[in-house]
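In: Structure of the sequence below:
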Amino acid sequence: MDVRVELARDGGANMSHLLRKLWDDGGQDIAEYAVMLAVILVLVVGTIRLVGSNANNAFSSVASSLQ
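Out: Residues are numbered from 1 along each chain as shown. Okay, here's the model as predicted:
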């Protein structure tokens, strides 16, 4: 059901009913879980690569200053 049709029918007075309709998707498929896992993995790998290179540079500068 279109959100605009729902708002026009009840005049926006029953907002909790509308929000329930928007968020009730009846469960998730395996494909949605796979997409969510892929996005999380991309974020984790990107963060590790970014933090890893910065940490390596920091440890290298500390090691060279100690010598």
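In: for the chain, which spans come out with low pLDDT?
Out: 1-13, 18, 21-28 (pLDDT under 70).
In: Would you mind pulling up the elements that the host helix or strand of N56 packs against?
Out: Assessed by DSSP states H and E, N56 sits inside helix 30-66. The helices and strands touching helix 30-66, judged by 3 or more CB pairs under 8 Å, 6 or more residues apart in numbering; DSSP states H and E, number zero. All C-beta spots, glycine's among them, are computed from the backbone N, C-alpha and C.
In: begin at 28 from here
Out: Noted, 28 is the first residue going forward, which turns the last one into helix 57-93.
In: any idea how far S80 lies from A58?
Out: S80 sits 34 Å away from A58, going by CB to CB, to the nearest Å.
In: before we move on, what about L70?
Out: 19 Å.
In: Can you report how many residues neighbour A90?
Out: Residues contacting A90 under the criterion other CB atoms under 10 Å number 9.
In: Right, I'll leave it there.
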